[in-house]
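Undergrad: Kindly generate the corresponding structure for this input.
(2 chains)
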Amino acid sequence: MENLNSAAEERIIRDLLPQKFGRKGKLFVGILIVFCLVGLYAYYRQLQYGLVVTAMRDYASWGIYISNFVFFVAISLVGSLITAVFRLLNVKWSMPLTRIAEMIAVAAIIFAAIIIVVDMGRPDRFYNLFLHGRIQSPIIWDVIVITTYFFISLLLLYYPLLPDLKILLGVKNAPAKGLQRFYRFLGSFWKGTDGQARLNEKAISILCITIIPVAFSIHTVTSWLFATTYRPGWDSTNFGAYFIAGAFLVGSGAVGVAMYIFRKVYHLEKYITEDHFDKMGKIVVLLSLIYLYFNINEFLTPVFKMKRSESGYLTDLFTGNFAGVFWFAILTGMILPVVILLFRKGRKPLPVFIVGIMVIVGAWLKRYLIVTPTMLNPFLPMYNVPAGYHHYFPSWEEWAIAFGSLAGAVLVITILARIFPVIPIHETLTEQHETADH
Amino acid sequence: MKLPIIRFAGLLVVFSSMNAHSAFSQAAEKSALSIGLSYFSIDDKVPYVVVKTKAKIEGRFRPVGGEALKIYLGSESAGSLIKEVMTDDKGEAFAYIPPALHQEWGQNPKKTFLATFAGDKKYDSASADLTVSRAKMVIDTSGDRKIVATLLEWKDSGWVPVKGVDVAIAIKRLDAYLNVNQTPTYSTDSTGRVTAEFKRDSLAGDVNGNIVIVAKVDDNDSYGNLLQEMTVPWGKKFATEDTFGKRTLYATGNRAPVWLLLMSGSIILCVWSILIYLVVNLVRIKRLGKMG
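TA: Okay, the predicted model is just below:
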């Protein structure tokens, strides 16, 4: 331990301390707040006039709100992958990425819960779900599992933070008083004794084991919301695994993007190295291939059989109205990432960042394609309905709320990164000590 | 200038000849309409006659719908008209024997039916006749689940048994007939009887276990189609299961299946126990901090 001198320790702490927003940071936060406010205004209009302000009608009764919900649930799974799976597998290199993954998970799960309430025509009746909910319904399973996952994600963010809070309270350049009070409220009791450290370590291990089945449940149950509904494209036994594979991919893409931004903004090049991007790039390749496999599995057999009841939906996806979006999502969300990241140069920070954005955009469009084409291709043909019922294009209110929620999630991550260190300080110090000892 | 005129004239000739050909060919295509007649006497109900029309179209006999026919009892006269009918898409039409012909119906034990078609643009006029003898089927059972059917024909002034006619003994199901055993048809003996053993165990019946057995003669040259039904309590009682108010996956929330409640409850309890333990763990960490 003593091989790492206090100056080096101080430098590490100084490097990893949360930093105040600069001009660009404030501008970025301002833009996010504007998006959120526009979204809030759109939601106010939706509350005032009802769901009629959306483009959702009798047939397309699920729209981009549900796509957004699935997207948020998917992205939240990254907390379990980076933190839990890697920790249990004793993968040391992922340590600087754990906090980022946990922040993304917390932000995403908060907005998954919010957006599903937004999708309700009468949110004031939400309590009925608890009073008269049916345990037989996958919707109730989803409510239970989302609440559980949110709680676990919070604990998984909080427990590893405890040693860092002591460091934050002890630094010479004390943060603002408000923040100090907040840190004291959260972790003034942490003294770093052996007993505390032992309990903390044990709790993190328990959390890592618990979060994996819960994370699998959350997205499997979300997939069952679709798969237990008898509709073209959703009547699949593959859906659970298909959703999980997609979730891990988009989560990894999001971590790649967040890594790049935090590294650049907070000058963390020493801690989030090119090696981290290289390894994350390889993980994205693996996950893209797995997701591609599940996509082939999901579509090849129905297309091969081309049952009459599903032919409209499949034709719409492959060559019809949704073909452009479908092939774009497959190409940018799965195929191009593999092609780019297979090369060493492709796994440099900037390409990983770009690929991460491609994966996220592809993933969002994929969720849109899971929901909308199925809704517009019911088993019973649409007869005698207004022409508008045959199509779905979200209204400005829907777009505003969807983008507002996405901005909200990014805002939560940004605020968390402003308050807490994006790289665990205590764990970095411990790792540096271990390296120095060797 | 001349060339287009010649071309136009040429085309005119070609089209004219085509039209002329089609006009001629329509006249030449008028074809024969085939008429089939069948007589039905079902379970003591009013007997009826079915008429079927078909024609050779593109080398195959196909049903012809929308054709008007007249069906007579005996001869073609206004007084003996049973009904004027129109064939449906399957080329079929039927007519009950009307009460107005009651007297004529009782006069002669041999009935002759006549169907006539007057002809139209597509088909030549046509007619068909069918003669059947007045007959009836009697069905009965014996205690050891045996079905006895007797075929009788009206001759002179009484019913006499008919020998050597194929009679099918079956169970009436929804839109179909199910054999009572391995043998689908029996030939009547000198007493006009056939006997079939009922060998269907646990065949679903109605709520009282009733099933309907039938004895029938199909498309017989002398008697047409005869069928007689009888209800017997040889089936299995059909008990409808009312799941209303029971614990099912589709019931209301307070009537969820016990296995689901146990499974979901134990999973939720297990996971939340861990989470509560972790919160308690935080309290312990806090306490240790205060002690330190």
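
Undergrad: Give the closest residue to whichever residue of chain B sits closest to chain A in space, chain neighbours not counted.
TA: Nearest residue of chain B to chain A (C-beta to the nearest C-beta) works out as residue B:289 at 3.4 Å. C-beta coordinates here come from the backbone N, C-alpha and C atoms, glycine included. Among residues not flanking residue B:289 along the chain, residue A:189 sits closest, at 3.4 Å (C-beta to C-beta, 6 or more residues apart in numbering or on different chains).

Undergrad: and that neighbour, helix, strand or coil?
TA: Secondary structure, DSSP: H, G, I helix; E, B strand; the rest coil: residue A:189 is coil.

Undergrad: mind checking how far it is from residue A:179?
TA: 18 Å (C-beta to C-beta, to the nearest Å).

Undergrad: So between these two, which is more surrounded?
TA: residue A:189 (19 against 16; other C-beta atoms under 10 Å in any protein chain shown).

Undergrad: What ranges does the stretch 101-250 of chain A have for its helices?
TA: A:127-131, A:138-158, A:161-170, A:177-187, A:194-227, A:239-265 (DSSP state H, counting those that start in this stretch).

Undergrad: Just name the most buried of those.
TA: helix A:239-265 (a mean of 24; mean count of other C-beta atoms under 10 Å in any protein chain shown).

Undergrad: quick one, the helix or strand just after that one and helix A:239-265 angle?
TA: Using DSSP states H and E, the next helix or strand after helix A:239-265 towards the C-terminus is helix A:274-305. Here the directions of helix A:274-305 and helix A:239-265 differ by 150 degrees (axes from the mean of the first three to the mean of the last three C-alpha atoms, to 10 degrees).

Undergrad: now for helix A:274-305, which elements pack on it?
TA: helix A:95-118, helix A:239-265, helix A:308-318, helix A:336-341, helix A:349-375 (3 or more C-beta pairs under 8 Å, 6 or more residues apart in numbering or on different chains; DSSP states H and E).

Undergrad: nearest spatial neighbour of the one residue in the stretch 1-150 of chain A that gets nearest to chain B, skipping sequence neighbours?
TA: Nearest to chain B, among the residues of the stretch 1-150 of chain A, is residue A:134, at 3.9 Å (C-beta to the nearest C-beta). Spatial nearest neighbour of residue A:134, excluding adjacent residues (C-beta to C-beta, 6+ apart): residue B:253 at 3.9 Å.

Undergrad: isn't that neighbour right up against residue A:132?
TA: Yes: contact criterion C-beta atoms under 8 Å: residue B:253 and residue A:132 qualify, at 5.8 Å.

Undergrad: which of the two has more neighbours?
TA: Between residue B:253 and residue A:132, residue B:253 has the larger neighbour count (other C-beta under 10 Å), namely 13 against 10.

Undergrad: Return the residues in contact with the more buried one.
TA: A:132-136 (C-beta atoms under 8 Å, 6 or more residues apart in numbering or on different chains).

Undergrad: of all the residues in chain B, which ones are close to chain A?
TA: Applying C-beta under 8 Å from any C-beta of the partner chain, one finds that chain B approaches chain A through B:249-253, B:256-257, B:260-261, B:264, B:268, B:271-272, B:274-275, B:277-279, B:281-282, B:284-286, B:288-290, B:292.

Undergrad: residue in chain A nearest to chain B?
TA: For chain A, C-beta to the nearest C-beta, closest residue to chain B: residue A:189, 3.4 Å.

Undergrad: What segments of the stretch 1-150 of chain B are helices?
TA: According to DSSP H, counting those that start in this stretch, the helices that the stretch 1-150 of chain B contains are B:2-28, B:102-107.

Undergrad: picking up where we left off before, take the helices and strands packed on helix A:274-305 and lay them out in a markdown table including distance to residue B:183 and mean pLDDT.
TA: Formatted as a markdown table, the helices and strands packed on helix A:274-305 follow (distance: least, C-beta to C-beta, whole Å; pLDDT from 0 to 100):
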| stretch | distance to residue B:183 | mean pLDDT |
| --- | --- | --- |
| helix A:95-118 | 66 | 93 |
| helix A:239-265 | 53 | 94 |
| helix A:308-318 | 42 | 94 |
| helix A:336-341 | 69 | 97 |
| helix A:349-375 | 54 | 96 |
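
Undergrad: what secondary structure does residue B:178 sit in?
TA: strand.

Undergrad: which residue packs closest to it, ignoring adjacent ones?
TA: Nearest to residue B:178 is residue B:171, by C-beta to C-beta, 6+ apart, at 4.5 Å.

Undergrad: what lines up beside the helix or strand harbouring the one you found in the sheet?
TA: Using DSSP H and E, residue B:171 sits within strand B:166-173. The strands beside strand B:166-173 in its sheet (DSSP bridges) come out as strand B:176-179 (antiparallel), strand B:185-187 (antiparallel), strand B:211-220 (antiparallel).

Undergrad: Was I right to think residue B:138 contacts residue B:153?
TA: No: if you go by C-beta under 8 Å, residue B:138 and residue B:153 don't touch, sitting 12.0 Å apart.

Undergrad: higher neighbour count, the two?
TA: residue B:153 (18 against 15).

Undergrad: can you pull up the bridge partners for the more buried one?
TA: Going by DSSP bridges, residue B:153 forms beta bridges with residue B:135, residue B:160.
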